[in-house]
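K.L.:
Sequence first, then the predicted structure, then my questions.
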Amino acid sequence: MKSLSAANGQSLGGARVAESSGRRYRVMHLATWTFPHVGGVEMHMHELCKALADHMDVSEAGGGGPRFRSVHRVIDGIPITQLATPTTLRSSTICPSIPLAIRASKADLVHLHMPNPFGAAAFLVSGHRGPLIITWHFDVVRQRLMKKLFTPLFKKILNRASAVIATSPNIVRSSDILQAFSDRVRVIPYGIDYEIYSRRHDSEVAAIRKQYGPKIVLGVGRLIYYKGFEYLVSAMSEVNAKLLIAGEGPLREELERQVQAEGTKDRVEFLGEKSPEQLIPYYQACDVFALSSVRGEAFGIVQLEAMASGKPVVNTMLNSGVPFASRDGESGFTVPPRDSKGLAAAINRLLEDEPLRLRYGREGKLRVQREFSVPAMTRAMLKLYGEALSDGTLEDRISVG
């Protein structure tokens, strides 16, 4: 690994680091899409930037702008550029202006959120000479041809990086490409602002429980193939409770037809898209949170939100951060993917055993506070940035909780 602790002015990750101890650094975060686009990576990037803003000048950039014009805005005090996006390829944005945006940012350090093939290529041609940090959120799983096509590019960008962040040890173990660069991988889990999930919304919670009944199961996420909602819906034929599904996506009509065919219309309700703030009362009102993903789910941050609300989780045994976030027998149950009967059995056990349900809810809440907080994530990130920039004062200035 190229040393992260090189002296000021030494080469680091192929970059020349200036002597700049004690200064306020400029850091550019670059992702496939950018906030306010709703997605796990974008929400994480924005939360991280908000936390880092007390210590450095941060900005966000990514796809999502009109075809031929970038849009600049400030959200929560963070400058955000939605780059002109003429087209997309398999959910990846194609933004020809990325190299210019990197140069214009005059960033001391670029933090690239992957997988982002066009962003990776654009960074390599941008001529940026400062350190590069990569967060590897997940592997390209479904599109085997795309994975084969982009692997040489991914290896090149990983080789350029000063450090690579994985959000769980599970991702490192399951990713062939990360294992090849294990000497520069750091595990820094996602962090959430867990305190907002402890603020009571009693009137809204009471209204939700009055409307949907005394036993509520909650599922949150886009209605797309890898979320496995069809297995959760099937499970409800054996669960005497109400399943609330918050989210939209291309599979909604198919799932609604499934509910009709299986005769569970009285047990399944589609809530549509909900903002993070709107979801909080639903987390507090539910008895069990279920994440039924079958593949491609890198972490499932929604689990942390449910756990921060004191709710037990039923998730699936994937080769990712999903079972790392909520542990089987500690904050809920983990069942095999694509197993409706397993989901039903785990949900029923929690619904029927109140002491167990409450204990798992307490343990999950403590786990989030201890290991998945914004302050913990920020401390680790500032330490890593300080090493990449060869500036020990960054770590010294850490004063987060």
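P.N.:
Received, thanks.

K.L.:
how near is the residue lying closest to A180 once chain neighbours are set aside to V110?
P.N.:
Spatial nearest neighbour of A180, chain neighbours left out: K155 (7.3 Å); criterion: C-beta to C-beta, 6 or more residues apart in numbering. From N, CA and C alone the C-beta is placed, and that goes for glycine too. Look at K155 and V110: by C-beta to C-beta, to the nearest Å, they are 18 Å apart.

K.L.:
Equivalent analysis for V374, please.
P.N.:
Taking C-beta to C-beta, one finds V374 at 22 Å from V110.

K.L.:
who has more neighbours, these two?
P.N.:
V110 (24 against 19; other C-beta atoms under 10 Å).

K.L.:
Pull out the buried residues from the helix or strand that contains Q258.
P.N.:
When elements are assigned from DSSP states H and E, Q258 belongs to helix 252-262. Residues of helix 252-262 classed as buried by neighbour count (16 or more other C-beta atoms under 10 Å): 252, 255, 258-259.

K.L.:
quick one: it to chain centroid distance?
P.N.:
On the basis of C-alpha atoms, centre = their mean, to the nearest Å, helix 252-262 sits 28 Å off its chain's mean C-alpha point.

K.L.:
could you point out which element follows it?
P.N.:
strand 268-272.

K.L.:
thinking again about what came up before, give me the local confidence score for the residue nearest to A180.
P.N.:
Per-residue pLDDT puts K155 at 94.

K.L.:
and I165, how many neighbours does it have?
P.N.:
Neighbours around I165, by other C-beta under 10 Å: 22.

K.L.:
Tell me what the residue nearest to G213 when sequence neighbours are not counted is bridged to.
P.N.:
Sequence neighbours aside, K242 is the residue nearest to G213 in space, at 5.1 Å (criterion: C-beta to C-beta, 6+ apart). The partner list for K242 in beta bridges (DSSP bridges) reads I216.

K.L.:
Can you report how many residues neighbour K242?
P.N.:
22.

K.L.:
Please name the residues that touch it.
P.N.:
212-213, 215-217, 267-269 (C-beta atoms under 8 Å, 6 or more residues apart in numbering).

K.L.:
helix or strand right after the strand or helix carrying V41?
P.N.:
V41 belongs to helix 40-52 when assigned by DSSP H and E. Next along the chain after helix 40-52, taking DSSP H and E as the criterion, comes strand 57-65.

K.L.:
so how far is that following strand from its chain's centroid?
P.N.:
The chain centroid and the centroid of strand 57-65 are separated by 16 Å, computed with C-alpha atoms, centre = their mean.

K.L.:
Packing partners of that strand?
P.N.:
On a contact count with 3 or more C-beta pairs under 8 Å, 6 or more residues apart in numbering; DSSP states H and E, strand 57-65 meets strand 26-33, helix 40-52, strand 78-84, strand 92-94, helix 98-105.

K.L.:
How far away from the center of its chain is the helix or strand hosting I347?
P.N.:
Assigned by DSSP H and E, I347 belongs to helix 340-352. Offset of helix 340-352 from its chain centre (C-alpha atoms, centre = their mean): 26 Å.
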